[in-house]
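Trainee: here is my input, please return the structure:
(2 chains)
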Amino acid sequence: MTSENNVRIAVQKRGRLQDPSLSFIRSLGFEFDTTRLGDLVVKCTNALVEILFVRNSDIPEYVKAGVADFGIVGENVIYERGENYKVVKRLGFGQCKLVIAFPKKLPRREIKDLQDERIATSYPNSLRKFLRQNDVSSSIIEINGSVEIAPRLGLADAICDITQTGKTLSECGLKAIATIFESQAVLIESPFNRKKNNIVLERI
Amino acid sequence: MKTKKKIIPRILKGTRDFLPAEMTRRNLVQSKIVSIFERFGYDSIDTPAIEYAETLVGKYGDDGSKQLYRFEDNGGRDVALRFDQTVPFARLVSANYSQLPMPFKRYQISKVWRADKPAKGRYREFTQCDIDIIGTKNLLAETEIAKAIYLVFKELGFEKFVIKINSRRLINSILDFLKIEKEKQPAIMRILDKLNKIGRDGVTQEMSQVCDVSVVKNILKTMVLVGTNQEKIENLKKYDIAEVEMFLQLCGDAGVPEEFLEFDPSLARGLDYYTGIIYEVYPQGVDIGAVCAGGRYDDLCGMFTDKEISGVGVAFGFDRIVVAMEDLGLLNDVKFNSDVVVAYFDEITLPKSLEVWSQLQTAGINTEIYFEPAKLPKQFAYADKKKVKFVVICGPDEVADNAVTIKNMETGKQKTIPQAQLDKYFSGYTNL
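Mentor: Residues are numbered from 1 along each chain as shown, chains lettered A, B, ... in the order given. All right, here's what the predicted structure looks like:
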């Protein structure tokens, strides 16, 4: 059961941000039953706070719609949506970069070599903005996952994807030639229900 | 050998031909304007270009009547060309009143004809672009018009423009207060309307012929104000200001930013028939005058029916808007319709070229095929002249590999990819 009076914080249902997100919530003094983490909603035991477990890319939508009062999400997700959110705090975890990479075996490549090439990505909006800023036109091949194998399959000439260490890229025979942005997890706040939100804001 | 005498391919004074480059820009401007009208739920109507002369004669004052294109048709009827869209609209509403929802709102974009003296920016055949809301006296209609104006100019890319507004009711109450006779008020307003053109001195001089110099001073002191909208309102509290106050409040609530709305108590609009809120829109950074104007009128259909129909509407100066946008560089990147030319390599590979042509059209990419199996440089030259960005070539090598070669005409870069990926290549291209 959820209550309208509870403050809701949306976090990743699965993925690398989930653990540090829960640690952060705990660090604010909110306690919850860790055996119930498979549930969609987990109530804190010592405060009127609920944790919603939702898909990473849906977190901004929940917050924007006021269904969640807060969300913990990567800046990359927000940037890709191209919308403004009220960032309460940058959380210092979940660091990653959105990069453009070419196959290593090719001669040295630069941004201008992207002209007219096919670039596979799950971040079409971020990529489009970057290309426009660099006055380069390319064909954006939008795919939802396993972007890094697209060049080997002949689907694309280059990729644009998130990387933490660069290891996966390297294993797929790719080399980053440009960074579009660096990202980390942030706490975002819904534009609704400011008053109720204070229970969280006071502790930050 | 005798050559037949040729006719000089000329056009009438004050009319224009539009070649594709210009027409593409005009179409873009029109489609952007229409997209905003439609976002407010406006539908369009059209009326005949040619009407019985009696429908139009005498509706536009003495000058207007002289400018009417009027003639006898082959059947001996006295006919005239549409002079504006308002009178035919009034006729249409009068003739179809029972079929129309009330309140009724419509947009209309069409050519009108005036035998005016041609001058720079003034033509005998030109395009008018109107929206009107009739059948309601509520200020929400005025508010909607203001919001539509705001969104149209935003959509067209104007960064800075000002929607000047005023109220005829307010002007009348000021002139009444200053004891100016009702019959003199229209003349005063027509002179006041020239303030921007002839300046304060010019207005003073002309008005002095209608009323006392001391009264003229008072008129100008009262109506020519500087300051914020709120300050001007405070200054005019003893007159009939409620309409202006409420209108500006509604505009704010409806999301028209205050910096785009300027309450100008000296704004008059020359035409006699306005009765309430009036508007004029001026773009900044280009000296072209008003690009949109109009206001509230009562009794639209008085000349056709006893029904008293009040309305509010504005006309967008289509030609001026296009010129202003050209001057501001807002139409520099307008491209033609064709994005891809599929080359005609030879007879053997033609079926593949036709297949590719269909593939791209099915994917919604504007694609044409070259009509002759000419040498490729000639086909490239055709694409260049039409500013088509890509040529797709399916020669024997490509056909053998189920591939296609794409040539970017701007960069000269060529690239061969699987035919199956071709439509995705273009639909994902960042600035097709």
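
Trainee: low-confidence ranges, chain B, go.
Mentor: B:1-2, B:270-271 (pLDDT under 70).

Trainee: that one against chain A: which residues are in contact?
Mentor: Within reach of chain A by C-beta under 8 Å from any C-beta of the partner chain, chain B has these residues: B:406, B:408, B:411, B:413, B:415, B:417-418, B:421, B:424-426, B:428-431. Any C-beta I mention is one placed from the backbone N, CA and C, and that applies to glycine too.

Trainee: those in strands, which ones?
Mentor: B:406, B:408, B:415, B:417-418 (DSSP state E).

Trainee: residues contacting residue B:366?
Mentor: B:337-340 (C-beta atoms under 8 Å, 6 or more residues apart in numbering or on different chains).

Trainee: could you find the closest non-adjacent residue to it?
Mentor: residue B:339 (4.7 Å; C-beta to C-beta, 6 or more residues apart in numbering or on different chains).

Trainee: since we're on the one you found, how many residues are nearby?
Mentor: 17 (other C-beta atoms under 10 Å in any protein chain shown).

Trainee: isn't it up against residue B:392?
Mentor: No. Residue B:339 sits out of contact with residue B:392 when judged by C-beta atoms under 8 Å, with a separation of 10.4 Å.

Trainee: what kind of secondary structure is the residue nearest to residue A:123 when sequence neighbours are not counted in?
Mentor: Once flanking residues are discounted, residue A:123 sits nearest to residue A:80: 5.2 Å by C-beta to C-beta, 6+ apart. Per DSSP: H, G, I helix; E, B strand; the rest coil, the secondary structure class of residue A:80 is helix.

Trainee: quick one, what contacts residue A:80?
Mentor: A:123, A:125-126.

Trainee: from the residues you listed, which ones fall inside strands?
Mentor: Reading strands off these, I find no matches (DSSP E).

Trainee: closest to chain B out of the residues you listed?
Mentor: Distance to chain B across those (C-beta to the nearest C-beta) is lowest for residue A:125, with 11.0 Å.

Trainee: burial of residue 51, as a residue count?
Mentor: Going with chain A. 24.

Trainee: ah, I was thinking of chain B
Mentor: Neighbours of residue B:51 (other C-beta under 10 Å): 18.

Trainee: that one: what's it in contact with?
Mentor: B:79-82, B:88, B:91.

Trainee: write out the residues of chain A neighbouring chain B.
Mentor: A:115-118, A:124, A:128, A:131-132, A:137-142, A:154-155.

Trainee: go again using 6 Å as the cut-off
Mentor: A:115-116, A:128, A:131, A:137-141 (C-beta under 6 Å from any C-beta of the partner chain).

Trainee: circling back: name the member of the residues of chain B next to chain A with the most neighbours.
Mentor: Neighbour-wise, the residues of chain B next to chain A (other C-beta under 10 Å) top out at residue B:425, 25 neighbours.

Trainee: right, and it touches residue A:139 too?
Mentor: Yes. Contact status for residue B:425 versus residue A:139: in contact at 4.6 Å, counting by C-beta atoms under 6 Å.

Trainee: thinking again about what came up before, residue contacts, the residue nearest to residue B:366?
Mentor: B:365-366, B:389, B:432 (C-beta atoms under 6 Å, 6 or more residues apart in numbering or on different chains).

Trainee: name the member of those residues with the most neighbours.
Mentor: residue B:389 (23 neighbours).

Trainee: list the contacts for residue B:383?
Mentor: B:341, B:391, B:409 are the contacts of residue B:383 under C-beta under 6 Å, 6+ apart.
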